[in-house]
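Q: Model the structure of this input:
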Amino acid sequence: MTEIIIAMDFSSKKEVDDFLKYFPNESLYLKIGMELFYKEGKGIVEDLKAKGHKIFLDLKLHDIPNTVEKAMRNIRAMGVDMCNVHAAGGLEMMKAARRGLGDDTLLIAVSQLTSTSEKDMQKEQLVNASLNESVLNYSKLAYEAGLDGMVCSAKEVAMIHENIDSSFLCITPGIRPKSFAKADQKRVVSPKEAKEIGSNYIVVGRPITSAKNPYQAYKEIEKELK
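A: Presented below is the predicted three-dimensional model:
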């Protein structure tokens with residue numbers, strides 16, 4: 001089963017509330033990123049959880065192990081359903097994140113952002129490897145650290161499942177229906193393609209949040225997945 005996570009790329013609680021008016025009877029999986037969280041704080045998480053929604057808190061923690069472990073204790077207290085770290089922080093940092101968060105919340109790692117091409121990675125990060133090799137290396141470290149899965153391009157899902165474990169979750173952003181422009185995403189696939197490849201969760205933002213009828217757009221993607 002592939003589940004939809006809606007990226008709440010809004011700048012205020014009012015925008016969130018206006019958007020959710022299209023979904024009066026739906027329990028949704030919502031991603032809260034830095035823009036919204038740094039504006040509204042933990043109150044936005046508590047409000048949406050109280051309304052019956054699941055929350056993926058997308059803050060991509062990346063710091064020394066001690067700092068990340070303590071931050072994760074605070075995140076655990078919010079009752080989120082999923083959160084993440086940058087795998088580039090290393091094995092010990094990811095282990096510390098797992099200790100701080102506990103085992104009841106999904107913890108996933110970010111490898112290479114979907115806005116990053118292989119050429120960008122090699123030139124700007126000085127990574128002397130292919131994009132796939134980089135993603136797989138980070139995924140192996142995350143698995144060793146006890147994390148539940150990876151944020152990755154849908155084009156990398158099969159590689160991760162085949163080389164690590166089929167139960168290791170793959171959460172894929174950069175999902176674009178055929179009719180929607182790629183915008184700033186470089187490694188994208190359609191919802192149907194993501195499901196066929198084996199994505200466990202797809203993160204969809206503008207194709208839903210910018211639609212004239214967000215509910216209809218959500219249901220069309222949901223239908224495509226089924």
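
Q: rest of the way, CA atoms for contacts and neighbours
A: Noted.

Q: Next, find the distance separating the residue sitting furthest away from the middle of the chain from Val85.
A: Distance from the C-alpha centroid of the chain peaks at Asn128, with 26.0 Å (C-alpha atoms, centre = their mean). Asn128 sits at a distance of 23 Å from Val85 (criterion: C-alpha to C-alpha, to the nearest Å).

Q: same check, this time on Thr114
A: With distances taken as C-alpha to C-alpha, Thr114 is found 15 Å from Val85.

Q: Among these two, which residue is more densely surrounded?
A: Val85 (27 against 19; other C-alpha atoms under 10 Å).

Q: Please name the spatially closest residue to Ala96 (chain neighbours excluded).
A: Glu69 (4.9 Å; C-alpha to C-alpha, 6 or more residues apart in numbering).

Q: Make sure the one you found is actually in contact with Ala97.
A: Yes: counting by C-alpha atoms under 8 Å, Glu69 does reach Ala97; the two are 4.8 Å apart.

Q: Show me which residues of stretch 78-87 are buried.
A: For stretch 78-87, burial by neighbour count (16 or more other C-alpha atoms under 10 Å) applies to 78, 80-87.

Q: what pLDDT, on average, does that stretch get?
A: The average pLDDT within stretch 78-87 is 97.

Q: where along this protein do the helices fall?
A: Per DSSP state H, the chain carries helices over the ranges 13-20, 34-40, 42-50, 65-78, 91-101, 118-124, 131-144, 157-163, 191-197, 206-209, 214-225.

Q: out of those, deepest packed?
A: Comparing the helices of the chain by mean neighbour count (mean count of other C-alpha atoms under 10 Å), helix 91-101 comes out on top with a mean of 22.

Q: and that helix, how far from the chain's centre?
A: Averaging C-alpha positions (C-alpha atoms, centre = their mean, to the nearest Å) puts helix 91-101 18 Å from its chain's average.
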